[in-house]
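Chemist: fold the following for me, if possible:
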Amino acid sequence: MYNCRKGGLHISKVFRNYVLSLALRLVLLTAALCLYFTNSGLLGFSAMPRWDIGGGFLFAVWVVLAVGMVFRIVPNFRVTIGARKHYACSYSAAAMGKNGLFDDSGARKRLHKGALVSAVAWVVFNAALFTIQHLHGRLTQAAAVVLMLFYAVCDIVCILFFCPFRVFIMRNRCCAVCRIHNWDYIMICTPLILFPSVFSFSLLALSIAVLLRWEVALRKNPHFFIEETNENLRCERCDERLCMVRGGRAVGGNDK
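Modeler: Numbers count the residues shown, from 1 in each chain. You can find the predicted model right below:
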């Protein structure tokens, strides 16, 4: 069986991985903004692959996002427990779950309600944003790339610093118990929906694969996602401490 803790999963390693990921995504976003304001045509991806500076940059963006999604599709100890809790290798049955003393129906209902509200909020927000861009004549492939990379940066910011979905909608303790953790890539790729191409559809297909793998696992094993039935999601079992920047305190509980 795959060992999720292979090689030792320590706070310094996991936290460093996410900081490096944030730095890389910031570099990509900065480069995209430079190209956007100097020659936005270089960010057009309908004719990919291209052998110019824009084509090389878009290929680098594709590789970074695609590799990240592959890490979500297969069990990988390089990502946080919150992103791999849907795998059996990340599950440790809690006493309440073993003894049948915990009725998880209420917990599941809260998870699904928060997910539904989050999905509606995301669709409405992006629909409004796309409409505004269209009215101002800025709904272009270049703008979609910049927005996608902005979302990619926000994804890591949500994990390390502040997540509006966690605080205002999901009301969960931290990313470890987040119902929509692996929705991040479909959210990142949302701006590509309006521009069909090999570049956009390949990234969207991978992000949908990540989402489906997550949702199917949730339907089959909801106890993997609940800390009362999965001991590995509890603060005292955490060896990642991605909450350290925000002081280890979160809505709905303390990250001890």
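
Chemist: ok, Cys158 - contacts?
Modeler: Going by Cβ atoms under 8 Å, 6 or more residues apart in numbering, Cys158 touches Pro164, Phe165, Arg166, Asp184. For glycine as for every other residue, the C-beta is placed from the backbone atoms N, C-alpha and C.

Chemist: which of those are buried?
Modeler: Phe165, Arg166, Asp184 (16 or more other Cβ atoms under 10 Å).

Chemist: now intersect those residues with the strands, please.
Modeler: Using DSSP state E, the subset of the buried ones among the contacts of Cys158 located in strands is empty.

Chemist: tabulate those (TSV), appending distance to Arg78.
Modeler: Shown next, in TSV, are the buried ones among the contacts of Cys158 (distance: Cβ to Cβ, whole Å):
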residue	distance to Arg78
Phe165	23
Arg166	22
Asp184	15
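
Chemist: and of these, the nearest to Ala47?
Modeler: The closest of those to Ala47 turns out to be Asp184 (Cβ to Cβ; 28.3 Å).

Chemist: any idea how far the closest one is from Trp214?
Modeler: 10 Å (Cβ to Cβ, to the nearest Å).

Chemist: equivalent analysis for Met244, please.
Modeler: Met244 is 26 Å from Trp214, by Cβ to Cβ.

Chemist: neighbour-wise, which of the two wins?
Modeler: Between Met244 and Trp214, Trp214 has the larger neighbour count (other Cβ atoms under 10 Å), namely 22 against 12.

Chemist: for the residue nearest to that one when sequence neighbours are not counted, give me its contacts.
Modeler: Take Trp214 and drop its neighbours on the chain: the residue closest to it by Cβ to Cβ, 6 or more residues apart in numbering is Asn182, 4.1 Å away. Asn182 makes contact with Arg72, Ala83, His86, Val210, Leu211, Arg213, Trp214, according to Cβ under 8 Å, 6+ apart.
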